[in-house]
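S.K.: The amino acid sequence is not available; the structure is as follows:
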Ligand SMILES: [Zn+2]
């Protein structure tokens, strides 16, 4: 193994080329190169055998964020569109509307003129608001 000395060519890390390359030893410190000159870029710098490990990369662990608290139960499902409601209601029983009938909130009715609708509210003693596809109407009920 040839002894390294000034003007020997050694592999060293070039701070400019950012690579381990052949360098010519410029000065020695004991039996190790102290300053070297890059054979590739001619830059002179302190001898480094290997690529330094950047401190930041070595242990850079951003404090793990605390796991997010579980979300609160999501606010109720977005409002259904009327079409969706109608579809869902397609299978539900519905009452034929008549002025003498008795209806409650949530009932589905079939109106001779307006078609299918959903009772939105019962207003004692004898009115209901019903939502139909095109509008919400006030209808009479419990009429004797
Ligand atoms: Zn270089």
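M.R.: Nice, I can see it. In this text, all values refer to a predicted model and were calculated from it rather than measured experimentally.
S.K.: for the ion, what are the nearby residues on the protein?
M.R.: 14, 16-17, 38, 40-41, 43 (CB under 5 Å from the ion). C-beta: built from backbone N, CA, C; applies to glycine.
S.K.: The residues you listed into JSON lines, with extra columns for pLDDT and secondary structure?
M.R.: Listed next are the residues of the chain next to the ion as JSON lines, based on pLDDT from 0 to 100; DSSP: H, G, I helix; E, B strand; the rest coil:
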{"residue": "14", "pLDDT": "95", "secondary structure": "strand"}
{"residue": "16", "pLDDT": "93", "secondary structure": "coil"}
{"residue": "17", "pLDDT": "95", "secondary structure": "coil"}
{"residue": "38", "pLDDT": "97", "secondary structure": "strand"}
{"residue": "40", "pLDDT": "96", "secondary structure": "coil"}
{"residue": "41", "pLDDT": "97", "secondary structure": "coil"}
{"residue": "43", "pLDDT": "96", "secondary structure": "coil"}
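S.K.: and the residue lying closest to residue 41 once chain neighbours are set aside, what does it touch?
M.R.: Closest residue to residue 41 apart from its sequence neighbours, by CB to CB, 6 or more residues apart in numbering: residue 16 at 5.0 Å. Applying CB atoms under 8 Å, 6 or more residues apart in numbering to residue 16 gives the contacts 38, 41, 43, 45.
S.K.: Buried residues in the longest strand along the chain, which are they?
M.R.: The residue-count maximum for a strand in the chain (DSSP state E) belongs to strand 19-29. Buried residues in strand 19-29, counted by 16 or more other CB atoms under 10 Å: 21, 23-26, 28.
S.K.: hang on, the earlier thing: may I ask which of the residues of the chain next to the ion has the most neighbours?
M.R.: Highest neighbour count within these, by other CB atoms under 10 Å: residue 14, with 22 neighbours.
S.K.: and that residue, what are its bridge partners?
M.R.: With DSSP bridges applied, residue 14 shows beta-bridge pairing to residue 19.
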